[in-house]
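**Student:** what shape does this take:
(chains A and B)
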Amino acid sequence: MINVSELTYTYAHGSRPAIRDISFEVEKGEVFALLGPSGAGKSTTQGILTGLLPLQGGRAEVAGYDLRHRSRQLFNQIGVSFEQSNVYSKLTALENLVFYRRLFDTATLEPEDLLKMVGLDQVANQKAASFSKGMKHRLTFARSLINQPALWFLDEPTTGLDPAIAAQIREIILERKQSGTTILLTTHNMVLAEQLSDRIGFIVEGELKLVDTPRNLKLRYGERLVQVEYRENNQSHKELLSLTDEQERLRLQTIIGSAEIEIMHTREASLEEIFIKVTGRELI
Amino acid sequence: MKKLLTTFHKDMTMSLRSFYLYIEIIMALLIVAVLLFVVPESFTSEQTLYLYLDAELPDRAVWSDLLGQEQEDQLLVFDSEEDVRSALHDDHNAMGLLLRQDDGRIAVEVVLQGYESEKQRQLMETLFTAQQLQSLPGFTDPTVITRLDGMPDGISDRLHLLPVFLVLNSAMVGLFIIAAYIYIDKDEGTIRAVAVTPASIWTYLTGKVLMMLVTGLITGSLTVLAVAGSTVHFGYFLVIMTACNLFGSALGLLVASFFDSMTKSLGALYVVIVIMSLATVSYLMPSFSPWPIRILPAYPMLYAFRETLAAQPDGGMIVFWSMIFILAAAVLYVLAGLRYRKTLTI
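**Tutor:** Have a look, this model is predicted:
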């Protein structure tokens, strides 16, 4: 669905490329997350792939369309949910979606259904100017689905939302994933990326450092640990033991054989810890 | 076409919900009020003559009839010189004439207000002398008046002013306001949302241009119908207004395409508007028409609008300039569109 090769982009007033030689592929029905701190090049990459920025260097194919020969028809296939809400404040929620749906040449979803899906049906006829930041974000999110995109670009879809709404948005994304929509997710939220993504790409300072599945990343870079709480001689003990260290593995076997285990669970390294380990940068 | 109508409908809806359109309409109403209630139908100053005829003057009735035979309401005869001077003190637009019998000769004293220039005084003196020459046998008036660039028939001074307001408020409305609308879309980020739909940049820009055209036609028609009434040749008016409005919007689009915010573009837009306004100086004061002003687009616009108000309008001239402005608008529009394709979403 997406095929990117040696993508490079430099802004007009930039002293160095915002992204350099980025290459990756996204298969149909896959959820691919670009993870990186602010200014890493995530949004620039997405900007090029959605046609908002011109293709300067490299090659990119999106939904079967070569971006060197852009066709407006590409936009019938894709949906874009922006990080910053961008709806017409002087139009109502319903008017925003009705206007937007008429710009597409394909079958679209009913605006009322979309508003209901994101919990804005009660305020459908209110001007967006009166909406809270979260409501505007949900309207922007709903709008990106109106043409039932085969390829869905999501830029920080839950950033700045309260937990309940963020969970609602996450559920909608999971539903779309299950129905076969290809998704390119750009975020610095590791938890969201891990929950939703089939594969993750770490991007830092305009370079794609690593691409793999969350499981493989953890297996390859995470230290597997076991936290065990047990009773011995009428006293409670707690230990954290590595499964990759031979001595600690033996110690775990000893505890299991001789003590009364109260709690025992594995503890994996978080994606954030792996990101720092791989890139040497924090996700700020 | 569906996308264009959708975009146009959205822009008109937003326009009706924003203050720009209402500013335009209020301005049009103000212009109508000024033209109808402040600007006189004619600027011709009708000076009243306050006359005193000495009691010893022979044939007083003949003098009185002679001086007032053309415009009786502009001649007032007083009983004393003091009455004339007192009346002149109250009416600064009048002049006095005192005719006395002095040693068997007629003495003429012209009483002016004091603000008249030396040239005017000399002219007055010369006119009186010339008046005497007319009484000589065989006198023929050598003066022939020829109008080189006169006002078309049927145009009053008030109507002569009307094109200035039509050009600045309705025809060139897009020059400034279309840029404001685009910057609002940029600020709200909605331009990026439209950019990721199958609608093209041309659809987006044309929607805005059509919105400005409707605004210009509404305010322009309102102004011209209220001030000129049935005098205006409405068909010609719509043609030239459409052409000039399209030109103004296309020029506004092109200027705005070089900047990414309203604040940054204000200087450039202001300079363009001031330069265009210079044409009104030559229009109102034809004796000052240097070629740098005559080549400004607003210059022929003013005369084309004036022509729509004439009793016998020069249709060829109106259509010619309309074609020129539509052609120029098309060129500017394409240039602006090409620039926006590269810069609008960056």
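**Student:** contacts only, for the residue of the stretch 51-200 of chain A found nearest chain B.
**Tutor:** Closest contact between the stretch 51-200 of chain A and chain B, by C-beta to the nearest C-beta, is at A:Asn86 (3.1 Å). Every residue, glycine included, has its C-beta placed from N, CA and C. Listed by C-beta atoms under 8 Å, 6 or more residues apart in numbering or on different chains, the contact set of A:Asn86 reads A:140, B:188-190, B:192-193.
**Student:** quick one, phi/psi of the residue of the stretch 151-300 of chain B found nearest chain A?
**Tutor:** The stretch 151-300 of chain B approaches chain A most closely through B:Gly189 (3.1 Å), counting by C-beta to the nearest C-beta. The phi/psi pair for B:Gly189 (degrees, to the nearest 10) reads phi 80, psi 0.
**Student:** how about the contacts made by it?
**Tutor:** B:Gly189 touches A:82, A:84-86, counting by C-beta under 8 Å, 6+ apart.
**Student:** export those residues as CSV, with columns for secondary structure and pLDDT.
**Tutor:** Output for the contacts of B:Gly189, formatted as CSV (DSSP: H, G, I helix; E, B strand; the rest coil; pLDDT from 0 to 100):
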residue, secondary structure, pLDDT
A:Phe82, coil, 90
A:Gln84, coil, 86
A:Ser85, coil, 88
A:Asn86, coil, 90
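**Student:** now for those residues: which two are most distant?
**Tutor:** A:Phe82 and A:Ser85 (7.2 Å; C-beta to C-beta).
**Student:** next, show the common contact partners of those two.
**Tutor:** Residues touching both A:Phe82 and A:Ser85 by C-beta under 8 Å, 6+ apart: A:140, B:189.
**Student:** so what sits opposite the closest residue to A:Thr213 other than its chain neighbours in the bridge?
**Tutor:** Take A:Thr213 and drop its neighbours on the chain: the residue closest to it by C-beta to C-beta, 6 or more residues apart in numbering or on different chains is A:Arg199, 5.4 Å away. For A:Arg199, the beta-bridge partners under DSSP bridges are A:Phe32.
**Student:** my guess is A:Arg199 contacts A:Ala33. True?
**Tutor:** Yes - between A:Arg199 and A:Ala33 there is a contact at 7.4 Å, judged by C-beta atoms under 8 Å.
**Student:** higher neighbour count, the two?
**Tutor:** Using other C-beta atoms under 10 Å in any protein chain shown as the criterion, A:Arg199 and A:Ala33 rank with A:Ala33 on top: 28 against 19.
**Student:** low-confidence ranges in the chain?
**Tutor:** Just so you know, I chose chain A. Low-confidence segments of chain A, defined by pLDDT under 70: A:281-284.
**Student:** actually chain B
**Tutor:** Chain B contains residues with pLDDT under 70 at B:43-46, B:58-73, B:129-154, B:344-346.
**Student:** can you pull out the strands in it?
**Tutor:** B:49-53, B:75-78, B:95-102, B:105-111 (DSSP state E).
**Student:** out of those strands, nearest to A:Glu61?
**Tutor:** Using C-beta to C-beta, the nearest of the strands of chain B to A:Glu61 is strand B:95-102, at 89.1 Å.
**Student:** what about that closest one, distance to the chain center?
**Tutor:** Relative to the centre of its chain, strand B:95-102 is centred 42 Å away, using C-alpha atoms, centre = their mean, to the nearest Å.
**Student:** can you check stretch B:187-199 too?
**Tutor:** Distance of stretch B:187-199 from the chain centroid (C-alpha atoms, centre = their mean) equals 41 Å.
**Student:** over to stretch B:220-232?
**Tutor:** Taking mean C-alpha positions (C-alpha atoms, centre = their mean), stretch B:220-232 and its chain are 14 Å apart.
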